Every structure is written in structure tokens, then in C-alpha cells.
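K.L.:
just coords:
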């Protein structure tokens with residue numbers, strides 16, 4: 001299989017809905033790729049990170065040269081799957097990049113994301129102590145019709161168990177890895193997201209002109225980046241020798 005026809009397996013973030021990728025999957029298929037979005041059992045309180053990884057492996061289903069894509073919290077489960085079955089690439093979108101033994105719950109304080117959030121909110125003239133508003137944080141750049149469809153589906157649940165499971169790998173899988181982050185991401189501000197990718201993976205990420213949900217806000221641009229990264233051409237930032245996860249991570253307030 002040539003890089004131009006590599007299959008994509010796409011992993012959602014918190015909430016686990018394959019629907020998140022519904023604007024990207026048709027674009028990849030129209031370009032000749034097999035593209036599969038994974039539904040994770042986020043509402044199942046008995047399902048943990050290992051179960052998420054098992055479902056990703058099942059979606060890969062023996063395919064060759066798979067490009068495994070993970071959004072946000074999906075960066076916790078996708079590398080576990082990549083350590084179990086061969087994949088050609090790992091591509092991370094606005095990712096929560098884990099360190100060995102770290103939990104999703106612990107990631108926020110370990111990386112200093114809260115301080116980065118507050119500083120970015122103040123700099124933008126928003127109140128960092130205001131009640132959390134998912135529309136303001138996640139959907140500020142998502143088209144109105146896509147927002148309406150999202151709300152019509154109901155708020156997705158995210159079980160607690162995978163958020164409390166320690167990340168089980170000793171290091172990042174030995175798989176070429178690329179990262180793209182949102183210029184206008186309000187959850188993971190640009191400077192924070194860039195520093196995290198550099199410190200934990202040794203990767204200078206690419207930047208897309210979107211917030212935290214580029215698959216909903218900028219599907220065409222994201223699909224183009226995924227295809228470029230899959231073939232190691234174009235502007236994608238792909239490291240062939242990623243550092244062990246957590247290496248060089250500085251302590252943050």
C-alpha cells in the first residue's frame with residue numbers, strides 16, 4: 001500500500017464519539033483513503049484505557065500502514081494501541097500528551113495547563129474565573145449548523161475510570177509521530193500546547209487556524225494536514241525518533 005492510500009483510524013477525545021470526525025472522514029475517503037472513526041465506550045464506567053486501546057486495535061483490524069490519529073484525550077489511548085499492533089504513523093490533534101504513569105486526572109496539574117489557561121484567558125480579556133462554558137471554550141469557531149447538530153445529540157458522557165488509569169507505557173512508542181495544535185485553542189493555549197509537544201516528544205508542532213476542535217471547525221485543512229503527514233510530505237511535523245514521553249518535562253506551577 002502506498003502512502004497516498006494509507007488507511008486512517010481516527011480516535012476521538014473525551015466523550016468518545018466517532019461523530020467528532022464526521023466532517024473529516026468523507027474528505028479522506030474522497031481522496032482514496034480507507035477511513036474509520038472509532039466509537040469509544042466513554043459512558044461505560046467499567047471501561048478503562050486498556051479497553052479503549054482494545055477497541056482501537058479492533059478498528060485497525062490487521063490493516064497495513066495504518067495512520068492512527070488521536071484528538072485531545074485520545075492521545076492517552078492511541079499510543080497504547082500503537083504499542084500492541086504495527087502502525088505507520090501516530091498523528092496527534094490538540095493532544096493531551098501523557099507521561100509514563102500519569103493519569104488524565106493528574107495531567108492537568110502535572111503540565112501546568114491550569115496556569116496556562118488562566119494566563120491566556122486574562123490576555124484575551126476573558127474572566128478566567130467565570131463558570132466553564134463549553135460553547136465559549138470548545139465551539140467558538142465551529143459553524144452554527146455543526147454546533148446545532150452537536151447539541152441535538154446530547155452532551156456525551158465521559159466515564160471516570162480511564163481518567164484515573166495510569167498511562168501504562170514506559171515510553172512513547174517507536175512510531176513516527178506528528179502533532180498539530182490550534183492557534184485559537186482556548187483549552188490548550190498555543191504556547192502551552194507547543195511547549196508540551198517539544199518537551200514531551202521533541203516535536204515542534206504544526207499549527208492550524210482553529211480552536212480545540214479542528215475536525216469540526218476546519219475539516220478541510222485538517223484532512224489536508226493528515227494526508228501530508230501520512231506521506232511525510234508537506235508541512236507536517238513528523239519526528240522519526242520521538243523522545244521517551246516525559247523526558248525533559250519541567251515542573252510547572
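P.N.:
That came through, no problem. Values in this document were obtained by computation on a predicted structure and should not be read as measured data.
K.L.:
Would you pull up how far stretch 177-196 lies from the middle of the chain?
P.N.:
10 Å (CA atoms, centre = their mean, to the nearest Å).
K.L.:
how about that stretch: buried residues?
P.N.:
Neighbour-count burial for stretch 177-196 flags 177-182, 184-190, 192-196 (criterion: 16 or more other CB atoms under 10 Å). The C-beta positions use only the backbone N, C-alpha and C, and glycine is treated the same way.
K.L.:
Give the rounded mean pLDDT of that stretch.
P.N.:
For stretch 177-196, the mean per-residue pLDDT is 98.
K.L.:
Likewise for stretch 82-94?
P.N.:
pLDDT averaged over stretch 82-94 gives 97.
K.L.:
before we move on, what about stretch 202-213?
P.N.:
The average pLDDT for stretch 202-213 rounds to 98.
K.L.:
Kindly check the end-to-end length of that stretch for me.
P.N.:
With CA to CA, to the nearest Å as the measure, stretch 202-213 spans 23 Å from end to end.
K.L.:
repeat for stretch 153-162
P.N.:
23 Å.
K.L.:
Can you give the contact residues for it?
P.N.:
Contacts of stretch 153-162 with the rest of the structure, by CB atoms under 8 Å, 6 or more residues apart in numbering, involve 14-17, 19, 41-49, 51-52, 76-77, 104.
K.L.:
do that again at 7 Å, thanks
P.N.:
By CB atoms under 7 Å, 6 or more residues apart in numbering, the residues outside stretch 153-162 that reach it are 14-17, 19, 42-49, 52, 104.
K.L.:
Next, the buried residues of that stretch.
P.N.:
So, applying 16+ other CB under 10 Å, buried residues of stretch 153-162: 156, 158, 159, 162.
K.L.:
what comes up buried for stretch 214-222?
P.N.:
214, 215, 216, 217, 218, 219, 222.
K.L.:
Show me the contact partners of it.
P.N.:
20-21, 23-24, 27, 71, 93, 141-142, 146, 182, 208-211.
K.L.:
And the residue nearest the centre of the chain, how far from residue 210?
P.N.:
Relative to the mean C-alpha position of the chain, the nearest C-alpha, by CA atoms, centre = their mean, is the one of residue 71, at 2.1 Å. For residue 71, the distance to residue 210 (CB to CB, to the nearest Å) stands at 12 Å.
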